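J.: here are the coordinates; sequence isn't available:
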Ligand SMILES: NC(=O)C1=CN([C@@H]2O[C@H](COP(=O)(O)OP(=O)(O)OC[C@H]3O[C@@H](n4cnc5c(N)ncnc54)[C@H](OP(=O)(O)O)[C@@H]3O)[C@@H](O)[C@H]2O)[C@@H](O)CC1
Ligand SMILES: [K+]
């Protein structure tokens, strides 16, 4: 699924309107109807759970668990809520009548059976117990809310409108919807300042600000957002939570904390990036008549990383089929240069993870003094000494040994647990310039790299994959960590392009940026994976995939995806995400 910025969304809107001739008001109708359908499904779910009218915990804190987010999107973004939408809603009226005759298998004809289905998506189970307040902004987001209000009313749900600004200030399609709502007799008021009273409503539709918003919500908008959050009522946001930066995921002060966001046409980048991903609650992407193929035609290249994207965009065989006549040489040989006396585990984790990712062979290079201590640590691994005979730490001269070993292997992964040592920059430069296989750079090797002028080093032919966490990224980019987190997609993309590397920016919803301008956001995994050694496993997994012939972007994206999935599996086995440790991730691969 494509991810878009607000600007790109406007472009796709315009193309649909201008080139295809679909009127803007038709898109708005589709948008409003989709929002109404999702609110009705929300109400029906709530009704089934026996909580009609009850607010969501504490006024809409975000979903806390990433795996839930991912699966919720997977379910909701297609044609979710089967029970509520298409389930046994009984016989209805009007459209879609089909006549069936004849018994099963062409047997004796039973009396003709008339099957008629109605507009199930717009039927509320307990409409009488619902009363929604629609907060209407001045732009098209407000217009979407007005359309939704009409459909909710049609479903028998009481609806009231609260305009942020005098309705006369609405223009274009939004003004048309204002008039339609008025003609339908929907009760409306204009926010008069202060704190509006939300008692008596069962939910709030936030249609204040969408992709046309600029900066922090001002004046009456800020008042309404703060009051809605404080009300304790469930909030459904139209397109994006008002107060969210649709591109970066930054949340302004204040920003709606939604239970559900009905995102229109294309997934906005900001809904996948924290803290925005937290403010959005559950996200459902609904089609509104803008052809999905337009994004590809327009050359957009940011994606939510799903199996479809792995296969269709990146060309990865997600089933990881192996040749029936393959042997260990077919699947490549990884060299992991990692670990030192105090942090040998980092190297062990990376090397073991590379094997679990499916490479044929893995050699683990460590400072020589450690070799005898590691014999048998992982019988599947080959061991090699590289310097450090005296004290078990790395030294600059060890680069020569690493290069010799790398010359006979398919991939080199460096960094986990190596620490800092004298002349480590010379060590890294020698490896960077001297190795001819794909290179994965992690942990301390990234900190060393951040102090090097590697733009002036000899160009590498084989790909480089950097796997920084936000702190390491900050050092690499020479900015504050806060700035890294402010626009993770934007920063990863520009860094990958400028430096000609594949970048894996770790953290909640890891971003994978490729030097050719493609960017992928992963949502597998969970906060329990924030545990020592999890990053070392990822390094090993990516190296293991590279050894099997995947290119830099394929290995990085698929590696991140599998790593998260393994973390989810490990959490299920442990019954608690917080108990997951790095070895569990390897065992769950
Ligand atoms: N185009 C289409 O075909 C489709 C569009 N769609 C929908 O339209 C939405 C985008 O609509 P949009 O462009 O009208 O912008 P939107 O976010 O509603 O409001 C902008 C208004 O708010 C104001 N304002 C701005 N910043 C502010 C701030 N910080 N604090 C306070 N006020 C602020 C600003 O007013 P101004 O300050 O300029 O007077 C401006 O007029 C999109 O998210 C989707 O929901 C869908 O229906 C699909 C079809
Ligand atoms: K909104």
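T.: Looks like it came in fine. If you're wondering where the values come from, they're calculated on a predicted model, not measured in any experiment. Residues are numbered from 1 along each chain as shown. Ligands and ions are numbered 1, 2, ... in the order given.
J.: Which residues of the chain lie near ligand 1?
T.: Contacts of the chain with ligand 1, taken as CB under 6 Å from any ligand atom, map to 13, 24, 27-28, 31, 137-142, 144, 209-218, 221, 238-239, 264, 288. (Each C-beta comes from the backbone N, C-alpha and C, glycine too.)
J.: where's residue 413, which helix or strand?
T.: Taking DSSP states H and E as the definition, one finds residue 413 inside strand 411-414.
J.: Packing partners of that strand?
T.: strand 333-337, helix 398-406, helix 424-434, strand 439-441, helix 534-547 (3 or more CB pairs under 8 Å, 6 or more residues apart in numbering; DSSP states H and E).
J.: The ones you listed into a markdown table, with extra columns for mean neighbour count?
T.: A markdown table is the format used below for the helices and strands packed on strand 411-414 (neighbours: other CB atoms under 10 Å):
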| stretch | mean neighbour count |
| --- | --- |
| strand 333-337 | 30 |
| helix 398-406 | 20 |
| helix 424-434 | 19 |
| strand 439-441 | 28 |
| helix 534-547 | 31 |
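J.: Adding mean pLDDT as columns, could you present these in JSON lines?
T.: Output for these, formatted as JSON lines (pLDDT from 0 to 100):
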{"stretch": "strand 333-337", "mean pLDDT": "96"}
{"stretch": "helix 398-406", "mean pLDDT": "95"}
{"stretch": "helix 424-434", "mean pLDDT": "96"}
{"stretch": "strand 439-441", "mean pLDDT": "98"}
{"stretch": "helix 534-547", "mean pLDDT": "97"}
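J.: So which bits of stretch 372-383 are buried?
T.: Under the neighbour-count criterion of 16 or more other CB atoms under 10 Å, stretch 372-383 has 374, 377, 381, 383 buried.
J.: still on that earlier bit, show me the residues of the chain next to ligand 1 that map onto strands.
T.: 238, 264 (DSSP state E).
J.: buried subset of the residues of the chain next to ligand 1?
T.: Counted by 16+ other CB under 10 Å, these give 13, 24, 27-28, 31, 137-142, 144, 209-211, 213, 216-217, 221, 238-239, 264, 288 as buried.
J.: rewinding a little: report the strands that pair with the strand holding residue 413, each with its relative direction.
T.: Sheet pairing of strand 411-414 (DSSP bridges) gives strand 333-337 (parallel), strand 439-441 (parallel).
J.: Tell me the confidence at the spatially closest residue to residue 390 that is not a sequence neighbour?
T.: Of all residues not flanking residue 390 in the chain, residue 369 sits nearest, at 6.5 Å (CB to CB, 6 or more residues apart in numbering). On the pLDDT scale, residue 369 is placed at 90.
J.: Would you agree residue 369 falls within a strand?
T.: No. According to DSSP: H, G, I helix; E, B strand; the rest coil, residue 369 belongs to no strand; its state is helix.
J.: give me the residue from the stretch 51-200 of the chain nearest ligand 2.
T.: Here the residue of the stretch 51-200 of the chain nearest ligand 2 is residue 141; by CB to the ion that distance is 5.0 Å.
J.: can you pull the contacts of residue 469?
T.: 506-507, 535 (CB atoms under 8 Å, 6 or more residues apart in numbering).
J.: Distance of it relative to ligand 2?
T.: 32 Å (CB to the ion, to the nearest Å).
J.: and the residue nearest to residue 390, what is it in contact with?
T.: Per CB under 8 Å, 6+ apart, neighbours of residue 369: 341, 388-392.
J.: now do residue 156
T.: 124, 127-128.
J.: mind giving me CSV with those and columns for distance to residue 112?
T.: Output for these, formatted as CSV (distance: CB to CB, whole Å):
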residue, distance to residue 112
124, 32
127, 33
128, 36
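J.: Show me just the buried residues among these.
T.: Buried among the contacts of residue 156 (16+ other CB under 10 Å): 124, 127.
J.: Which one of the contacts of residue 156 is nearest to residue 252?
T.: residue 124 (33.0 Å; CB to CB).
J.: May I ask you to confirm that that closest one belongs to a strand?
T.: No. Applying three-state DSSP, one finds residue 124 to be coil, outside a strand.
J.: ok, it - contacts?
T.: Counted by CB under 8 Å, 6+ apart, residue 124 has contacts 40, 43-44, 130, 155-157.
J.: can you do 6 Å?
T.: Contact analysis of residue 124 by CB atoms under 6 Å, 6 or more residues apart in numbering lists 40, 43, 155, 157.
J.: Any chance of the backbone angles for it?
T.: Backbone geometry at residue 124, expressed as degrees, to the nearest 10, gives phi -100, psi 140.
J.: Give me the residues contacting the helix or strand hosting residue 296.
T.: Assigned by DSSP H and E, residue 296 belongs to helix 293-297. Here helix 293-297 makes contact (CB under 6 Å, 6+ apart) with 2, 12, 15.
J.: Not counting sequence-adjacent ones, nearest residue to the second one?
T.: Ranked by CB to CB, 6+ apart and with sequence neighbours excluded, the top spatial neighbour of residue 12 is residue 294, at 5.2 Å.
J.: Having no further points to raise, I will conclude here.
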